[in-house]
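1. Give me a 3D structure for the following:
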Amino acid sequence: MKKTLVLLLVAAMILTPLVGILICAQLDDTGDEDLFSNIPQPKINSNRYLGLRGLNVSLADFTADGDIFHTFTFDTATQWPGDDRLPEPGLPENLLEQGKYLGLGLSALRERGITGKGVAVAVIDKPLFGAHEAFGSRMTYIEVGSAGPDGEQPSFHGAHVAGLLAGTDGMAPDARLYYFAVHEGENPYFRYAEAIHKMLEIQQGLAEQDKIRVAAIAQGVENPRLSEGTPELFDAIAKARQEGIIVIYPGMSVLPVTGAGCPPYLDRDNPENYRQWSWTLAKREIAGELKARSANSWEDAVYILKQMLTYEESLDSLQAAAIDTFLGVAYVYRDYLEFRDWLAMVLGESEQALAVPIDCITVPNAQGESGYTYYGSGGLSWSTGYIAGLAALGLQVKPVATEQEILDLLWSTGTPFEESLRLPNPSAFVDSLTSP
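-> I've put the predicted structure just below:
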């Protein structure tokens, strides 16, 4: 049983904060109950990374949170207190608006007319609210499969990806957008493969200048032997690429991606104002505490992590998620990896990766035609929309550019960032495609 959980927990540790791994539900009869019993509920003592989407917090007092308010996550449905209980008047509305600008020189590109105009792009994701103002008449909405008997709620994920790619405030705001709304059913791999084939059918009926050139797919696959349906999805992606479509999906090995962010009140065009993804920093903070408290074994680590959930004076929700994930990793890894090796890996994690802005951004959501969410801490899978949007900008200036050329240039033109990371440099990327 443990072996089947290893890959899932590695992905959780690296890619995204996942609260509630439910370790206790996975226990077997090997004595793990003693070590992993009585894991306490986290006692959150800090408002940093507070999640307030859709909540009524009109009775709360946030006047002391001025330094961390930009780490909150909230949306246009959040109900706030009066200005006398906010760090400054109108702060939530200001952050929502400021977070729409993705920075790193995009405004200069727009002034040059580099907006994705004339390029058709696609998003293949779960159903969204198709009438959102961020897309308007530029979006063609195609259903794939059918919803269950109870219907299906619009997807925030699809709205975020599409918004980053081709929304009004996205990377390529003038691109023509095809949105394939996938009703996943029992096997999402089959459904996403079906959506790609439907995209290729539409492609056959388009004039050459109108053909889809870039697709961001919510469900990707690197290994066609993973599970039922993955060979079909793998083959569908290959066929799309054969038809000249640049395909971007989460976890692509050809272009490793991580996150970054810049507080909205700083100059978002200045790379020096960015810092690493909040999830990476939260993991390192907790791992650093394990080292500082002289943890030398998995048993030491579990004991310390359980104590931190209850007694850490400044524990925030993202740190609690990191602790929860690390407890799951400890449960799985105890028999397969030395604790010291794992700790060194987390503290020294510095692979080459493109650090895409996903923290402190505002994206369309699925709540209605004018719904938006501001994320103090964002999700890495949304970066597919950002990268696909950059590709659309590149194709506007060089329509014959290949997928490999674009991905290589995204990396080579990137601005050196922390450790071995690079920030995207949209202007340098576009210029590299126009130079002789």
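
2. distance between stretch 111-119 and the chain's centre?
-> Its chain's C-alpha centre and that of stretch 111-119 lie 25 Å apart, by CA atoms, centre = their mean, to the nearest Å.

3. Quick check: end-to-end length of it?
-> Start to finish, the residues bounding stretch 111-119 are 18 Å apart (CA to CA, to the nearest Å).

4. Residue 284 and residue 182, how far apart?
-> Going from residue 284 to residue 182 by CB to CB, to the nearest Å gives 35 Å. (Glycine included, C-beta is placed from N, CA and C.)

5. Could you check which of those two has the larger neighbour count?
-> Between residue 284 and residue 182, counting by other CB atoms under 10 Å, residue 182 is the more crowded of the two (25 against 16).

6. any idea of the pLDDT on that one?
-> Looking at residue 182, its pLDDT is 92.

7. Can you spell out which residues form a bridge with it?
-> residue 144 (DSSP bridges).

8. how deep is residue 204 tucked in, by neighbour count?
-> By other CB under 10 Å, 8 other residues sit near residue 204.

9. what ranges do the strands span in the stretch 1-150 of the chain?
-> Per DSSP state E, counting those that start in this stretch, the stretch 1-150 of the chain carries strands over the ranges 74-75, 120-125, 139-144.

10. For those strands, please prepare a markdown table with the additional fields mean neighbour count and mean pLDDT.
-> Formatted as a markdown table, these follow (neighbours: other CB atoms under 10 Å; pLDDT from 0 to 100):
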| stretch | mean neighbour count | mean pLDDT |
| --- | --- | --- |
| strand 74-75 | 22 | 96 |
| strand 120-125 | 29 | 96 |
| strand 139-144 | 17 | 92 |
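
11. need these in JSON lines with distance to residue 398, can you?
-> Shown next, in JSON lines, are the strands of the stretch 1-150 of the chain (distance: least, CB to CB, whole Å):
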{"stretch": "strand 74-75", "distance to residue 398": "37"}
{"stretch": "strand 120-125", "distance to residue 398": "16"}
{"stretch": "strand 139-144", "distance to residue 398": "25"}
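
12. Would you agree residue 225 is in contact with residue 234?
-> No: in terms of CB atoms under 8 Å, residue 225 does not count as a neighbour of residue 234; the distance is 9.0 Å.

13. of the two, who's got more company?
-> With neighbours defined as other CB under 10 Å, residue 225 and residue 234 compare such that residue 234 has more, 19 against 8.

14. Give me the contacts around the helix or strand the more buried one falls within.
-> Using DSSP states H and E, residue 234 falls within helix 230-242. Contact with helix 230-242 is made by 189-190, 192-193, 196-197, 199-200, 215, 217, 219-221, 223-225, 247, 249, 403, as judged by CB atoms under 8 Å, 6 or more residues apart in numbering.

15. among the residues you listed, which are in strands?
-> Residues of the contacts of helix 230-242 located in strands (DSSP state E): 215, 217, 247.

16. Buried only: go through the contacts of helix 230-242 for me.
-> 189-190, 192-193, 196, 199-200, 215, 217, 219-221, 224, 247, 249, 403 (16 or more other CB atoms under 10 Å).

17. In the residues you listed, find the pair that's most separated.
-> Greatest spatial distance among the buried ones among the contacts of helix 230-242 (CB to CB): 190 and 403, at 24.4 Å.

18. Would you mark the buried spots in stretch 320-337?
-> Neighbour count says stretch 320-337 has 320-334 buried, by 16+ other CB under 10 Å.

19. Need the mean per-residue confidence for that stretch.
-> Mean predicted lDDT for stretch 320-337 stands at 90.

20. Quick one: distance of that stretch to the chain centre.
-> The answer for stretch 320-337 is 22 Å, by CA atoms, centre = their mean.

21. thinking again about what came up before, in the buried ones among the contacts of helix 230-242, which has the lowest confidence score?
-> Lowest pLDDT of the buried ones among the contacts of helix 230-242: residue 224, 77.

22. Leaving out sequence neighbours, find the closest residue to residue 147.
-> In this structure, residue 147 finds its nearest non-sequential neighbour in residue 183, 5.1 Å apart by CB to CB, 6 or more residues apart in numbering.
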